[in-house]
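> got a sequence here, can you model it:
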Amino acid sequence: PDHIYDLTISCPDSRPFSSRSEQSLEPVKLRFVTRSLTPADQQRTMNVAAFDEAKRVMEEYYVHYDRKGVDWNARFEEMRSRVVDAPGSALWTERMVELLSVADDPLIWLTYDGAYTRTCRRGIEPNFNYKTAEKTIGKLTRRSQYVYSARTDDGIGYVLIYSWEGATDETTSLFDQVLALMEDTRALIIDVRPNEGGIPETAISVAGWFVQDETVVLKTIFRDARRPSGMTPPFERKVSPRDATKRYENRVAILMGAKTMASSEWFVLAAKAGRRVRTFGAKTRGASGGGYCSQLPNAVQFCVARSRDVLPDGSSMDGITPDIPVEAKDEDFKTSDPVLEAALAALRKRIK
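Take a look at the predicted model:
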C-alpha cells in the first residue's frame with residue numbers, strides 16, 4: 001500500500017531485450033500508485049503540513065524561483081485542495097509533480113519510499129544505446145554499478161560512466177583504478193552521454209587526470225532570500241591536475257548529449273581545460289547546480305536546485321556545445337552509434 005511503482009522494460013540506456021535476430025524490444029514504461037491504509041484524517045493532516053513546508057522550501061531555497069515568471073503563490077493555492085486531499089503520500093507525490101511541472105526543471109524532484117520522481121516532463125533524445133555502443137567498441141567489462149570499460153584491438157580505451165554517485169573517496173579510488181588500466185592505451189574515450197550527475201567532487205577529481213594547470217571552470221551562485229538580490233556572490237569552482245601517477249597524457253574524446261547534466265556538466269567543463277581533450281555528440285542539458293533537500297512530514301523528501309552555475313565570464317551556463325557536434329536521431333542508435341563512431345574516426349586519424 002501507498003507505494004509508487006515505476007519501471008521501464010527494455011530501457012535503451014541499459015541492455016535492451018532483443019530477439020534472436022537482434023531486433024530490440026521498444027521501451028515500455030509502467031508507472032502506478034497504490035492507495036494508503038493510513039486513516040484519511042491523519043493522512044490529510046500530514047499532507048497539509050508537507051504542502052506548506054514544500055511551499056516554504058520553494059520560496060527560500062529554489063534558485064530559479066523567478067526564472068519562468070510563474071506566480072508560485074497562485075500556483076500553490078490553485079493546487080492546494082487537490083494535493084492535500086490525496087489519499088496517501090504516494091499520490092500526494094504524484095500531484096505535487098503536476099504542481100511543480102510548470103518549472104520545467106530537472107533539478108526539482110521528490111523521493112518517497114525509495115522511488116525517485118523528477119518533476120520535469122520534457123522529453124529528451126539520449127543519443128545513447130548500450131547495445132550499439134558495445135557493438136561498436138567491443139565487449140564491455142563491468143567495473144562497478146555505474147562504470148564499464150573496454151578497449152579496441154588498435155589500443156583505444158573506452159570508459160562508460162552512468163553516474164558519479166557513491167562515497168567520494170571510494171568512488172574516486174575506483175575511477176583511479178579504471179583509468180590506471182588505460183595508461184597504456186593510444187587514446188581514450190570517456191562516455192558520459194547517459195550520466196545525469198552525482199557527486200561533483202568525484203567528477204572534478206576524475207577530470208584532473210586530463211588537465212595540465214589549475215583552472216577556474218565555473219562559478220556557483222546560491223539562493224539566499226535574505227539578501228536584496230536574493231543571491232550570494234559567485235563562488236569559484238576549480239579543477240587541478242592530479243599527481244604525476246594519475247595523469248593521462250594522450251588524446252581524449254568525451255562523449256556527451258542531452259542527458260548529460262548537473263555534475264556531469266562540471267566534468268565536461270573541467271576536462272575541456274585539458275589541452276588534448278575534445279568533446280563529441282550533442283549539447284548538454286544545461287541543468288547544473290547543487291540541491292537542497294527537506295524531509296517533509298508525510299515522509300516525502302523534496303529537493304530543489306539551491307544554486308546555479310555560470311561560466312567564468314559570468315555568462316549563463318545553459319548547456320555545453322560539443323567541439324564536434326554529431327547530428328543523429330533516436331532511431332539511428334537502434335542499429336549503430338554515430339557519436340562513438342565519430343570519436344573513434346577522429347582519434348584514429350590523429351594517432352596514425
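> if we ignore the residues flanking it in sequence, what's nearest residue 219?
Nearest non-adjacent residue to residue 219, counting by Cβ to Cβ, 6 or more residues apart in numbering: residue 234, 3.8 Å away. Glycine gets a C-beta too; all of them are placed from N, C-alpha and C.
> how close does the one you found sit to residue 60?
Residue 234 sits 20 Å away from residue 60, going by Cβ to Cβ, to the nearest Å.
> ok, the residue nearest to residue 219 touching residue 310?
Yes. Counting by Cβ atoms under 8 Å, residue 234 touches residue 310, with 6.8 Å between them.
> now for the residue nearest to residue 219: which residues touch it?
By Cβ atoms under 8 Å, 6 or more residues apart in numbering, the contact set of residue 234 is 219, 220, 221, 310, 314.
> now with 10 Å?
The contact partners of residue 234, by Cβ atoms under 10 Å, 6 or more residues apart in numbering, come to 218, 219, 220, 221, 222, 309, 310, 312, 314.
> can you lay out the residues you listed as TSV showing pLDDT and secondary structure?
Output for the contacts of residue 234, formatted as TSV (pLDDT from 0 to 100; DSSP: H, G, I helix; E, B strand; the rest coil):
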residue	pLDDT	secondary structure
218	93	strand
219	93	strand
220	92	strand
221	91	strand
222	91	strand
309	90	strand
310	89	strand
312	92	coil
314	88	coil
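> what's the helix or strand for the residue of the chain most remote from its centre?
What lies farthest from the middle of the chain is residue 41; by Cα atoms, centre = their mean that is 38.3 Å. Under the criterion of DSSP states H and E, residue 41 resides in helix 40-61.
> hey, C-alpha coordinates of the helix or strand following that helix in CSV?
Counting by DSSP H and E, the next helix or strand C-terminal to helix 40-61 is helix 72-84. Backbone C-alpha positions of helix 72-84 (Å, rounded to 0.1, in the frame of the first residue of the first chain) are rendered in CSV as follows:
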residue,chain,number,x,y,z
TRP,A,72,4.1,30.4,-7.3
ASN,A,73,1.8,31.7,-4.6
ALA,A,74,-1.1,31.4,-7.1
ARG,A,75,0.1,28.1,-8.3
PHE,A,76,0.2,26.6,-4.9
GLU,A,77,-3.2,28.0,-4.0
GLU,A,78,-4.7,26.7,-7.2
MET,A,79,-3.5,23.1,-6.5
ARG,A,80,-3.8,23.1,-2.7
SER,A,81,-7.1,21.1,-2.4
ARG,A,82,-6.1,18.5,-5.0
VAL,A,83,-2.8,17.9,-3.4
VAL,A,84,-3.7,17.9,0.3
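> counting contacts, what elements does helix 72-84 pack onto?
Applying 3 or more Cβ pairs under 10 Å, 6 or more residues apart in numbering; DSSP states H and E, one finds that helix 72-84 contacts helix 40-61, helix 89-100.
> buried stuff in that helix?
By 16 or more other Cβ atoms under 10 Å, the buried positions in helix 72-84 come out as 72, 75, 76, 79, 83, 84.
> report the contact partners of the residue nearest to residue 342 when sequence neighbours are not counted.
Distances taken as Cβ to Cβ, 6+ apart put residue 326 closest to residue 342, at 4.8 Å, once the chain neighbours are dropped. Contact analysis of residue 326 by Cβ under 10 Å, 6+ apart lists 127, 255, 257, 280-282, 332, 337-343.
> distance of residue 326 relative to residue 346?
With Cβ to Cβ as the criterion, residue 326 and residue 346 are 10 Å apart.
> same check on residue 252?
Look at residue 252 and residue 346: by Cβ to Cβ, they are 11 Å apart.
> and for residue 324?
With distances taken as Cβ to Cβ, residue 324 is found 7 Å from residue 346.
> now swap in residue 263 and tell me
Computed as Cβ to Cβ, the residue 263 to residue 346 distance reads 26 Å.
> show me the helices in the chain, by range?
Using DSSP state H, the helices of the chain run over residues 40-61, 72-84, 89-100, 130-137, 168-180, 200-207, 263-271, 338-351.
> tell me the confidence at the residue lying closest to residue 55 once chain neighbours are set aside?
Nearest non-adjacent residue to residue 55, counting by Cβ to Cβ, 6+ apart: residue 76, 5.0 Å away. Looking at residue 76, its pLDDT stands at 98.
> next one: residue 76 from residue 46, what distance?
17 Å.
> relative to residue 328, how far out is the residue minimising distance to the centre of the chain?
Centroid-nearest residue in the chain, with Cα atoms, centre = their mean: residue 196, separated by 1.3 Å. Remark: distance between residue 196 and residue 328 (Cβ to Cβ) = 20 Å.
> residues in contact with residue 56?
Contact analysis of residue 56 by Cβ under 10 Å, 6+ apart lists residue 294.
> kindly recompute the last result at 8 Å.
By Cβ under 8 Å, 6+ apart, the contact list for residue 56 is empty.
> quick check: closest non-adjacent residue to residue 295.
Using Cβ to Cβ, 6+ apart, the closest residue to residue 295 is residue 301 (5.5 Å).
> also residue 274?
Closest residue to residue 274 in three dimensions, ignoring its sequence neighbours and counting by Cβ to Cβ, 6+ apart: residue 210, at 3.8 Å.
> ok, residue 84 next?
Of all residues not flanking residue 84 in the chain, residue 47 sits nearest, at 4.4 Å (Cβ to Cβ, 6+ apart).
> give me the pLDDT for the one you found.
On pLDDT, residue 47 comes in at 98.
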